[in-house]
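In: whatever this is, show me its structure:
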Amino acid sequence: VSVEDINMAAELYISNRQYDRALEVITDFSGVTLEKEKINSEDDTTEKERVICSIPDGVLIDIRVKLMVCLIHLHILDPVEELTTSLVEQNPEEMGDLYLDVAEAFIEIGDYSSALPLLSALVCSERYNLAVVWLRHAECLKALGHMELATESYSRVVEMAPLHLDARIALSTLQQQLGQPEKALEALEPMHDPETLAEDANAAQQELKLLLHRSTLLYSQAKMLDYMDTLLTMLAMLLKVAMTRAQVCLISSSKSGERHLHLIKVSRDKMPDADETESGFMDAKAISAVLSYTSVLTREDWWGLLLKAIYTLCDLSRHGEAELLVDSSLEYYSFYDERPKRKELEYLGLSAAMLDKNFRKAYNYIRVMAMENVNNPQLWNIFNLITMRSQDVRHHRCFLRLLLKNPENHALCVLNGHNAFVSGSFKHALGQYVQAFRNHPDEPLYSFCVGLTFFHMASQKFVLKRHALLVQGFSFLNRYLELRGACQESLYNIGRALHQLGLVHFAIHYYQKALELTPPVLEGIEEDQINLKRDTAYNLSLIYQASGNIEMTRKLLHTYCTI
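Out: I've put the predicted structure just below:
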C-alpha cells in the first residue's frame, strides 16, 4: 500500500467524520502504534491510564497531522501535546494548511486555548494571513474572553472579506458589548447596492439578515428614526409589487434636517409603466423573491415586523405614512388572503386615518366595518365621530338604507335622528328620537334630544301651536335633568335652551348654578376637556353685555375665560 493511498483513505474518512476508521487505516498501514500505559497518581492510591503513540521516522507530516486530527476528535489527547510540539517546529509559511487543520480540530472539541497558538502563528505569516484564518483566530479569542483582541481580529476579517455576514454581526455584537455603539452600527452598514439586491437572491437574503440585526441594535440604542428606516427598507423588499399597486413609493428625504426614508403617495402617471404581461412577470419575480425572503423570516416574523413599523410610525406622529403602509400591506396577497390579518390591517388603517385627521379615508374603512357588524355599538360611535369631524353627508342615504334593512337597530335609529336634526328635518328627527325614547325611557340623552327638537321646532318662523311645543320641550328637559342629575352638563344644557328662547332671567339662574359645580373626574380624560365653566361664563357674559352690565361681563371673562 502506497503512502498516497493511506493519505487519501484517511482524508476520505475524516471528511465523512469517521475518525475511528481513519485512525485504523493510519495505524494498520503506516506503522503507527497506540499503547495504553498505567501510571500511578500523585498520592499513589489510584492508577491512571494514558495513551502512548509511537511513530516511525519515515511517516510523512501529512499523515502525522491526520493522526492528530483523529486523536483530537476521539478525545485521545495524551499523545497530541508531543505531536503539536513537533508540528510547530515546521515553518507555517510552508505548512500553514496543516496548522489550520489541527487548529480547527481543537476548535470543534472546544479546546480554544490549544488552537490559539497555531492560529496566531498563521495570522503572522505572509502566505496564510487570510480572512478565514483571522475568523478562526477571532472565534478563539472571543471564546476565551479576550473581547478587545477578538474585536481587532473580526475587524481584519471584515476588512479582507467585506461581504462576510457572520463576521460583521459578531464584530457588531462585540463592539456593542464594549460600549462602542457607533462602531457597532458601522459594522452593520449595507453590503450590497440596489441593483445587486434586485438580481441576486442570495445577496438579498444576506442583506435582509444584516438589516434585521441592525434594526435590533438601533432599537436598543433608542434611535427610532434610523430604526424606522431599517424597518421600511426590509418591508419594501417584501412589498415591492404591492407598493406599486397601491401607488406608494419609498424615498429618501432630508425635510426633517437629517436624511431619512419616507413613504409617499404618487399619482398613477408617475408610476413605472407596466402592461399586463410585465405585471405578471413582476408578480412571478416578486413571488420568487418573497420565497427567498421567507426562508430568512417566516410569514409570522414578517407580520410582526409590519406591526412594529406601523406602531413606530404612529409613535413618531407619521400617521400619513402609517396609512400608506397599511394600504400597501392590503395589496400583498399573503396578508390579504388571511381574514384575521386583513381585519387587523383594516382596523390599523382606520386608527391611522383618524390620527392623521383623514376622515374621508376613515369613513371608507368604518362604513364597511359597521355594515358587516350592524349590532356593534362601538363601531357606530366611531362612525358618528368620523362623520361629525368630516362634515360629509354621504352617510345619510347609507344610514336610511341600513335602517330599512334593520328597523330594530337602536344605534341606526338614533344616528338617523341626528342626521335629520342637522339637516333641519325636525319632524323626521323627532320620530326617530321618540322611537329611541320608547325603547330606552331611562336614558337621559333621548329625553334631551326630544326636548331640544321641540325647542327647534318652536323657534321656526312659521309654526302652529308654538306654546304647546315649548311646554312639551320643557317637560322633556325636566325629565332629562331628573335622570341626569344636577351637574355641569345638565344645568348648562337647560340654561342654553332657555338662552336660545330668550328667557334670559331663567337662563342666568341655571348658568350660575353650573358655575358653582366642579366637573366630573373621568379616567383617561383630562379635566380641562370636560370642564364647562368657560362655555357657561362666556354665555352668561353675553347676557350681561346685552343688558349693559359691562363690569359683570369683564369680571366673568377675566375669571373664567382668561388664558
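In: all helices of the stretch 301-450 of the chain, in order?
Out: 319-330, 333-336, 339-355, 359-372, 377-390, 395-405, 410-423, 426-439, 444-458 (DSSP state H, counting those that start in this stretch).
In: the last one: which residues count as buried?
Out: Residues of helix 444-458 classed as buried: 444, 446-458 (neighbour count, 16 or more other Cβ atoms under 10 Å). Backbone N, C-alpha and C define where each C-beta goes, glycine included.
In: need the residues you listed in a markdown table (columns: pLDDT and distance to Leu522).
Out: What follows is those, written out as a markdown table (pLDDT from 0 to 100; distance: Cβ to Cβ, whole Å):
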| residue | pLDDT | distance to Leu522 |
| --- | --- | --- |
| Pro444 | 94 | 16 |
| Tyr446 | 93 | 22 |
| Ser447 | 94 | 22 |
| Phe448 | 94 | 19 |
| Cys449 | 94 | 22 |
| Val450 | 95 | 26 |
| Gly451 | 94 | 25 |
| Leu452 | 93 | 23 |
| Thr453 | 94 | 28 |
| Phe454 | 93 | 30 |
| Phe455 | 91 | 28 |
| His456 | 91 | 29 |
| Met457 | 91 | 33 |
| Ala458 | 89 | 34 |
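In: rewinding a little: out of the helices of the stretch 301-450 of the chain, which one sits most buried?
Out: Among these, helix 319-330 has the highest mean neighbour count (mean count of other Cβ atoms under 10 Å), at a mean of 24.
In: and that one with helix 339-355, angle?
Out: Between the axes of helix 319-330 and helix 339-355, defined by axes from the mean of the first three to the mean of the last three Cα atoms, to 10 degrees, the angle is 160 degrees.
In: who's in contact with helix 319-330?
Out: Contacting residues not belonging to helix 319-330 are listed as 235, 239, 242-243, 245-246, 248, 262-265, 306, 309-310, 313-314, 335-336, 342, 345-346, 348-349, 352-353, 355-356, 358, 361 [Cβ atoms under 8 Å, 6 or more residues apart in numbering].
In: what strand or helix carries Leu135?
Out: Per DSSP states H and E, Leu135 falls inside helix 131-143.
In: after that helix, which helix or strand is next? Please name it.
Out: By DSSP H and E, the next helix or strand past helix 131-143 is helix 147-160.
In: on contacts alone, who are the packing partners of that next one?
Out: Counting contacts by 3 or more Cβ pairs under 8 Å, 6 or more residues apart in numbering; DSSP states H and E, helix 147-160 packs against helix 131-143, helix 165-177.
In: and the next element down the chain from the last one?
Out: Heading C-terminal from helix 165-177, the first helix or strand you meet, by DSSP H and E, is helix 181-186.
In: give me the contact list for that next one.
Out: Residues outside helix 181-186 that contact it (Cβ under 8 Å, 6+ apart): Ser172, Thr173, Gln175, Gln176, Arg214, Leu217, Leu218, Gln221.
In: can you tell me how far the first one sits from Leu217?
Out: So the one you mean is Ser172. In this structure, Ser172 lies at 7 Å from Leu217, with Cβ to Cβ, to the nearest Å as the measure.
In: please enumerate the shared neighbours of the two.
Out: With Cβ under 8 Å, 6+ apart as the test, Ser172 and Leu217 both reach Ala184, Leu185, Leu188.
In: just to revisit the earlier point, give me the more crowded residue out of Ser172 and Leu217.
Out: Neighbours were tallied for Ser172 and for Leu217 using other Cβ atoms under 10 Å; the higher tally belongs to Ser172 (26 against 23).
In: circling back: which one of the helices of the stretch 301-450 of the chain lies nearest to Leu491?
Out: Proximity of these to Leu491 was assessed by Cβ to Cβ; the nearest stretch is helix 444-458, lying at 12.5 Å.
In: after the closest one comes which helix or strand?
Out: Following helix 444-458 in sequence order, the next helix or strand is helix 466-484 (DSSP H and E).
In: just to be sure, Phe542 is in a strand?
Out: Just so we're on the same page, residue 542 is Leu rather than Phe. No - checked against DSSP: H, G, I helix; E, B strand; the rest coil, Leu542 lies outside a strand; its state is helix.
In: of the contacts of helix 181-186, keep whichever come out buried.
Out: The buried subset of the contacts of helix 181-186 (16+ other Cβ under 10 Å) comprises Ser172, Thr173, Gln175, Gln176, Arg214, Leu217, Leu218.
In: list phi and psi for Met189.
Out: Not Met; residue 189 is Glu. Geometry field for Glu189 lists phi and psi as phi -70, psi 150, criterion degrees, to the nearest 10.
In: same deal with Gln18?
Out: Given degrees, to the nearest 10, the pair of backbone angles that Gln18 has is phi -100, psi 70.
In: ok, it to Asp101 distance?
Out: Counting by Cβ to Cβ, the separation of Gln18 from Asp101 is 16 Å.
In: the more surrounded of those two?
Out: Neighbours of Gln18 and Asp101, each counted by other Cβ under 10 Å, are more numerous for Asp101; the result is 18 against 15.
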